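1. Here you go, sequence then predicted model.
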Amino acid sequence: MRGKRYETEKKIAGGDGTNQFTKEECYQNETKAKKRTSEKIADEYGVGRSTIIRNANFANVIDILPEEVKKDVLSGEQKISHEATSSILKFDKPTQKKFIKEKNGITFLSI
């Protein structure tokens, strides 16, 4: 999955990886044109950067689902919209679990 790959490859933002002792010099306002992880993966798959980020959000929501619901979503039996994944990820952990409900012994996603 592209989203899982992005989550494992991305780094914490900040700096350009150099310090005052590096041999590579550049002027103060000059920046090195490094691509973001999402851009590199997007170029590799021929999609946009936003698609990779949406894939990562989807993967994060899949990770919090119970196994039986996860299987249904990944097989396509149950759908989760991009808007729903964004909303779920903004909630705290207890609220996220409220989206998963039991009805007649069957777990389903209530979005």
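-> Received it, and whenever you're ready, just let me know what you need.
2. Tell me, please, where in the chain the pLDDT is lower than the cut-off.
-> Along the chain, the model assigns pLDDT under 70 to residues 12-33, 99-111.
3. got the residue ranges for the helices in it?
-> Secondary structure of the chain by DSSP state H: the helices cover 2-9, 37-45, 49-64, 67-75, 82-90, 93-97.
4. can you list these in JSON lines and add mean neighbour count?
-> C-betas here are computed from N, CA, C, even on glycine. As requested, the helices of the chain are arranged in JSON lines below (neighbours: other C-beta atoms under 10 Å):
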{"stretch": "helix 2-9", "mean neighbour count": "16"}
{"stretch": "helix 37-45", "mean neighbour count": "16"}
{"stretch": "helix 49-64", "mean neighbour count": "18"}
{"stretch": "helix 67-75", "mean neighbour count": "13"}
{"stretch": "helix 82-90", "mean neighbour count": "15"}
{"stretch": "helix 93-97", "mean neighbour count": "11"}
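5. quick one, what contacts F91?
-> Contact analysis of F91 by C-beta atoms under 8 Å, 6 or more residues apart in numbering lists nothing.
6. Use 840 as the first number from now on
-> In the new numbering, first residue 840, that becomes F930.
7. What separation do you get for K936 and T924?
-> As defined by C-beta to C-beta, to the nearest Å, K936 lies at a distance of 15 Å from T924.
8. One more: N896?
-> Taking C-beta to C-beta, one finds N896 at 5 Å from T924.
9. so T876 makes contact with K850?
-> Yes: here T876 reaches K850: they are 6.9 Å apart, a contact under C-beta atoms under 8 Å.
10. residues shared between the contacts of these two?
-> What both T876 and K850 touch, as defined by C-beta under 8 Å, 6+ apart, is an empty set.
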